[in-house]
Every structure is written in C-alpha cells, then in structure tokens.
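> next comes the sequence, and after it the predicted model I'd like to discuss.
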Amino acid sequence: MSADGNWKITINTPMGAQEVDATITTNGDTFTGKTEGRMGSQEITGKVDGNTLTWSANITSPMPMQLDFTATVDGDKMTGNVKLGAFGNAPLSGVRA
C-alpha cells in the first residue's frame, strides 16, 4: 500500500462537507504531509500501520479543537473517520488527485 501522493478529502461534518487537499509522503511507519482547505493550510505528521493512516490536527475555526483522523487507503480511494473533539465523529472519504 502506498498512500504517497495528492488526495482530495471530504469530511462530512455537522456543519456541512469540508473539502481538503492533502499531500502525503510515507517513510516506513510514519508519514508527513500538508493539508490545505477553506480553513487554511497545516503541516501534518502521522503513523502508518499497514494501509491505515492516523494523525491529529488542531484547528481554531470555527472553534479551537483537536481533530483525530483515521483513514484506510485502498488503491486510489481513502475512507475513514474524524473525531471532532467533544462533537462526535464525522466520516471522511478521499480520492487520489
């Protein structure tokens, strides 16, 4: 499994769909990358376990909270979940760009 490359990710939040462009570069059991979306850009680092990626991001808008991502890569598709702090979970899906 290689998650390396560019991804278009959609997170279906209670406030509507949020679209994010992500660039991912794996290195063994870790990865680095960058996300860019309506709420700005952010450098990310995370873990790789087989075909599953996990990472966290801190946002300030619409309110400060930590987002915890889990995504499974299957070829050119990605599915997963984002824990929205105290606000529950939101499904995510992505396609290789």
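That came through, no problem. Residues are numbered from 1 along each chain as shown.
> closest to the centroid, which residue in the protein?
F69 (5.5 Å; C-alpha atoms, centre = their mean).
> got the contact list for the helix or strand encompassing it?
Per DSSP states H and E: F69 is located in strand 65-74. Contacts to strand 65-74, defined as C-beta atoms under 8 Å, 6 or more residues apart in numbering, come from residues 1-3, 9, 46, 51-59, 78-87, 92, 94. The way it works is simple: take the backbone N, C-alpha and C, and place the C-beta from them, glycine included.
> need the pLDDT of the residue nearest to the centre of the chain.
pLDDT recorded at F69 is 97.
> what's the separation between it and A22?
10 Å (C-beta to C-beta, to the nearest Å).
> quick one: T70 and M15, what's the gap?
20 Å.
> so between these two, which is more surrounded?
T70 (18 against 11; other C-beta atoms under 10 Å).
> show me what the strand with the most length in the chain is packed against.
Under DSSP state E, the strand in the chain containing the largest number of residues is strand 16-27. Contacts defined by 3 or more C-beta pairs under 8 Å, 6 or more residues apart in numbering; DSSP states H and E place strand 16-27 against strand 5-13, strand 30-37.
> just send those back as JSON lines, with distance to P64 too.
Below are these laid out as JSON lines (distance: least, C-beta to C-beta, whole Å):
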{"stretch": "strand 5-13", "distance to P64": "15"}
{"stretch": "strand 30-37", "distance to P64": "17"}
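> can you put these in JSON lines and add mean neighbour count?
As requested, the helices and strands packed on strand 16-27 are arranged in JSON lines below (neighbours: other C-beta atoms under 10 Å):
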{"stretch": "strand 5-13", "mean neighbour count": "17"}
{"stretch": "strand 30-37", "mean neighbour count": "16"}
